[in-house]
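# requesting a structural model of the entry that follows:
(chains A, B, C and D)
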There are 2 protein chains.
Amino acid sequence: MTTARTGAGRASPRGRRAARSTGDDRETAILATAERLLEQRAFGDISIDDLARGAGISRPTFYFYFPSKDAVLLTLLDRVTEEADAAAGDVLVRLAEDPRARWRELIQRFHETFGAHRALVLACAQVRGTNAEVRRLWAAVLERWVQAIEAAIEAERRRGAAPDGLPARDLAIALNSMNERVWYATFAGDGPAVDERDVVDVLLDLWMAGIYRDTATPPST
Amino acid sequence: MTTARTGAGRASPRGRRAARSTGDDRETAILATAERLLEQRAFGDISIDDLARGAGISRPTFYFYFPSKDAVLLTLLDRVTEEADAAAGDVLVRLAEDPRARWRELIQRFHETFGAHRALVLACAQVRGTNAEVRRLWAAVLERWVQAIEAAIEAERRRGAAPDGLPARDLAIALNSMNERVWYATFAGDGPAVDERDVVDVLLDLWMAGIYRDTATPPST
DNA sequence: GATGACACTCGACAGGGTGTTGACTGCTGT
DNA sequence: ACAGCAGTCAACACCCTGTCGAGTGTCATC
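Numbers count the residues shown, from 1 in each chain, chains lettered A, B, ... in the order given. Below you'll find the predicted structure:
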C-alpha cells in the first residue's frame, strides 16, 4: 500500500532469486494467467482464486507473490508501458527530418503496442478508477509522454515549423488525452468508435492540425 | 439485467405513483444520498447499506426501490445527460451566425453541466468499465452527440465554411473523445490535466483547428 | 548428520459485502 | 370486515478477500 515499488508488487523481502527457481516460475505463471484470463472476461470477474488455480497454487499462496489482484495488473501495466516506450524509440528527436512521417510513426507504434495488449490496457483503464496505485502509475507514465510531446512541439516552434498558439503543455495534454480515449473506444468496441484500420490516420490528422494548424506538409530540414 | 429500462431501475411493477407519496420520497432520498456521498468518497467505497441508511431505510428495503447500486448511478446519469442536452440547446443549428462563438458556447455549456456534477460524472466514467448498463447508456448518449456534431460539420462543409478532410463522423468521434478525457482529467485532478479555467479555450482551439483547419475566424453568414 | 534458517505452501478462519426470502404492518377501496 | 397491495426489515445463504498459523522441503553450517 505504501511500498515504493519498482518492478513488482512482491510481498516478501528481497533476496531470494538465484537457485530454487520455483518462486519466479510461479510469479510469471500468475502474470501469464492474468493476461490470458483478461482476454476472456473482465478484470472484475476474475477472482484471486482463478489466478491462483491458473498458476497451479492455492489462494493463500497467491498472497506470497502479490499483495492483491490489482498488484498483478500493476506489474503487467508497468511492462506494457516500458514496451511502448521502447517502441516509440527516438522518433521525436528526428522530427525535423520529416515531421508528418515521424509523428505518424510515433502514433503507429503506440497503436501497435496497445493493440497487442488491448485486453490488459482496457482492464487498466477500468481499474484506474478504483485503484490509486494504478492511477498513480498511469499518471506518471502519461506525465512523461506529455513532457516529451511538449518539448517536441516547442522545438518545432523554435525552428519555425509550427506556429505559436496554445501553451505547448496544454496542447500535449489534449492530444494525448484524445489518443487515449479514442484508442479505448476502438479497442473496447462499444459506443461510437473509429475503425481500427483508420484510427492512426484520424489521430495523426488531428495532431497535425493542432500542432501545425494546417494539413499541408510542414517543412523538413 | 435485461429490462428495457426507461428512466429508472425500478424493481417493482409500474403503477403505484399517485397517493402514498412515501415511495417516491424514499426514491429521491436514495438518489440524493448517492449524489451527496459521491462528493465525499468513491463509488466503490459506498455500500448499499450507506445508501439505505442515508435515506432512512434498511438495506432490504433499498432493493424495493432499485435493483442494485449501479441502477442508482444509472438514474443519476440519465438525469445529467438530459440536463446537458437541455443546456446545449440549439446552438448547433445557429452555427452560421458566428461559428467560433457558437462552438465555444456548446463546449462551455457542457463544461458547466459536467462541472456542476463532477463527482457523479467521475463515478460514471469509472463504473462504465464494470457495468454494462452504464456502458450502454453512455454509448447511446455519446452516439447522439456524435451524430449531432457530425451533421453540424457536414453543414459547415456544405456552406463552404469548413474544408473537406477526415470523414465527418471520425472527426466528431475524435473531438468528443478528446473532450471527455480532458474533462475527466481536469475534474479528477490526478495526472497531467489542463487547468479548469483554461480547459474550454484549449478544447475550442483544437475543435477549430480540426474542423476549420485554421485559427482564423471562419466566415459567418 | 543434526540443526537452524528460510522459501514456500495451504487449511481454516474472520470479516464485509451482496442479493433473497418470508413474515409483518398498515393503508385503501369495496 | 376484508382482500390486496405498497412498503418494511430480520435473518439467511453466498461469495470474495485477506490473514494466521502450522506445516514441508531444502539449503549452509558446525
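# what is the helix or strand bottoming out on mean pLDDT in chain A packed up against?
In chain A, no helix or strand scores lower on mean pLDDT, DSSP states H and E than helix A:22-38, which sits at a mean of 91. Here helix A:22-38 touches helix A:48-54, helix A:59-65, helix A:69-88, helix A:118-127, going by 3 or more Cβ pairs under 8 Å, 6 or more residues apart in numbering or on different chains; DSSP states H and E. (Glycine included, C-beta is placed from N, CA and C.)
# so which of those helices is the most packed in?
helix A:118-127 (a mean of 22; mean count of other Cβ atoms under 10 Å in any protein chain shown).
# who in chain A is up against DNA strand D?
Proximity of chain A to DNA strand D (Cβ under 7 Å from any atom of the strand) is limited to residues A:A19, A:R20, A:S47, A:I48, A:D49, A:R59, A:P60, A:Y63, A:P67, A:S68, A:K69.
# residues contacting the spatially closest residue to the third one that is not a sequence neighbour?
So that's A:S47. Distances taken as Cβ to Cβ, 6 or more residues apart in numbering or on different chains place A:K69 nearest to A:S47, at 7.9 Å, with adjacent residues excluded. Going by Cβ atoms under 8 Å, 6 or more residues apart in numbering or on different chains, A:K69 touches A:F43, A:I46, A:S47, A:I48, A:L51.
# surely the last one meets A:A34?
Yes: with the criterion set as Cβ atoms under 8 Å, A:L51 and A:A34 qualify as a contacting pair; they are 5.8 Å apart.
# quick one: common contacting residues for those two?
Listed as contacting both A:L51 and A:A34 by Cβ under 8 Å, 6+ apart are A:V72.
# which one's the longest helix in chain A?
Ordering each helix of chain A by length in residues (DSSP state H) puts helix A:132-158 first.
# tell me what angle that helix forms with helix A:69-88.
Using axes from the mean of the first three to the mean of the last three Cα atoms, to 10 degrees, the inter-axis angle of helix A:132-158 relative to helix A:69-88 is 20 degrees.
# could the C-alpha coordinates of the helix or strand that comes right after helix A:132-158 be exported in CSV?
For helix A:132-158, the following helix or strand on the C-terminal side (DSSP states H and E) is helix A:168-188. Presented in CSV, the C-alpha positions along helix A:168-188 are these (Å, rounded to 0.1, in the frame of the first residue of the first chain):
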residue,chain,number,x,y,z
ALA,A,168,2.6,23.5,-25.7
ARG,A,169,1.8,21.7,-22.5
ASP,A,170,-2.0,22.1,-22.8
LEU,A,171,-1.8,21.0,-26.4
ALA,A,172,0.3,18.0,-25.5
ILE,A,173,-2.2,17.0,-22.8
ALA,A,174,-5.2,17.4,-25.1
LEU,A,175,-3.7,15.4,-27.9
ASN,A,176,-2.5,12.6,-25.6
SER,A,177,-6.0,12.5,-24.0
MET,A,178,-7.6,12.3,-27.3
ASN,A,179,-5.5,9.3,-28.3
GLU,A,180,-6.1,7.6,-25.1
ARG,A,181,-9.9,7.8,-25.3
VAL,A,182,-10.1,7.2,-29.0
TRP,A,183,-8.0,4.0,-28.6
TYR,A,184,-10.0,2.9,-25.7
ALA,A,185,-13.3,3.1,-27.7
THR,A,186,-11.7,1.5,-30.7
PHE,A,187,-10.3,-1.4,-28.8
ALA,A,188,-13.3,-1.8,-26.5
